[in-house]
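# Provided below are the primary sequence and the corresponding predicted coordinates.
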Amino acid sequence: MEHKPVYYSEYLQLDKVLQAQGPVSFTEGKTAAHDEMLFVVIHQAYELWFKQVLFEVQSVIDIMNQPVVNDNSPDLQKMVHRLNRVETILKVLVHQMDIMETMTPMDFLDFRDMLRPASGFQSIQFKILEAKLGLAFNHRHGQNY
């Protein structure tokens, strides 16, 4: 069976991903806030990593929902491996803040008022992750989002 060639940019759908940045200040007819592009890219990267974390966590939940999980089973090893992966991703997310910190508060203020009422607390994927990990709705911050 012959497979259709798979090219890097098509496989990753880079035409969509690389066009998904739409800094508001670039379209408002004002002077573009240079650091807004950085802000958008960093937050999109967070959302992509959240997608992977959710994928890994759901796979662990699915294994744990089996009627029986043997302590010596390959499934248990898969769970440990996938949770270690989640831990590594979370470390990357923390280190991503180093990049964000290259933007000064004044740079952020160049475009912050254009983002209202946008907030990181509106990340639906983060809310889903909180729920999957057992955080009760009434204990969540930003319930009004």
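Structure's in. What do you need?
# In stretch 17-34, which residues are buried?
Under the neighbour-count criterion of 16 or more other C-beta atoms under 10 Å, stretch 17-34 has 23-26, 32-33 buried. C-betas here are computed from N, CA, C, even on glycine.
# buried residues in the helix or strand hosting Val40?
Taking DSSP states H and E as the definition, Val40 sits inside helix 34-64. Within helix 34-64, the residues that count as buried by 16+ other C-beta under 10 Å are 35-40, 46, 49-50, 53-54, 56-57, 60, 63.
# now do the same end-to-end measure for stretch 103-119.
17 Å (C-alpha to C-alpha, to the nearest Å).
# cool, and stretch 95-109?
Using C-alpha to C-alpha, one end of stretch 95-109 lies 23 Å from the other.
# Point out where the protein drops to low pLDDT.
Residue ranges of the chain with pLDDT under 70: 28, 142-145.
# Closest to the centroid, which residue in it?
The chain has Glu47 as the residue nearest its centroid, 2.1 Å off, counting by C-alpha atoms, centre = their mean.
# ok, and the closest non-adjacent residue to that residue?
Gln125 (6.1 Å; C-beta to C-beta, 6 or more residues apart in numbering).
# I'd guessed that neighbour sits against Leu54; true?
Yes - contact criterion C-beta atoms under 8 Å: Gln125 and Leu54 qualify, at 6.1 Å.
# Tell me where this structure has helices.
Remark: helices assigned in the chain by DSSP state H are 8-11, 14-17, 34-64, 74-100, 105-109, 124-132.
# Quick one: the ones you listed as TSV, columns for distance to Arg140 too.
Below are the helices of the chain laid out as TSV (distance: least, C-beta to C-beta, whole Å):
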stretch	distance to Arg140
helix 8-11	36
helix 14-17	29
helix 34-64	16
helix 74-100	19
helix 105-109	25
helix 124-132	6
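# what's the closest of those helices to Arg116?
helix 105-109 (12.8 Å; C-beta to C-beta).
# From the chain's centroid, how far away is that closest one?
Once both centres are worked out by C-alpha atoms, centre = their mean, to the nearest Å, helix 105-109 turns out to sit 23 Å from its chain's centre.
# List the contacts of the nearest residue to Pro23 once chain neighbours are set aside.
Using C-beta to C-beta, 6+ apart and skipping residues adjacent in sequence, the residue nearest Pro23 is Glu36, 4.0 Å away. The neighbours of Glu36, taking C-beta atoms under 8 Å, 6 or more residues apart in numbering as the test, are 23-26, 110-111.
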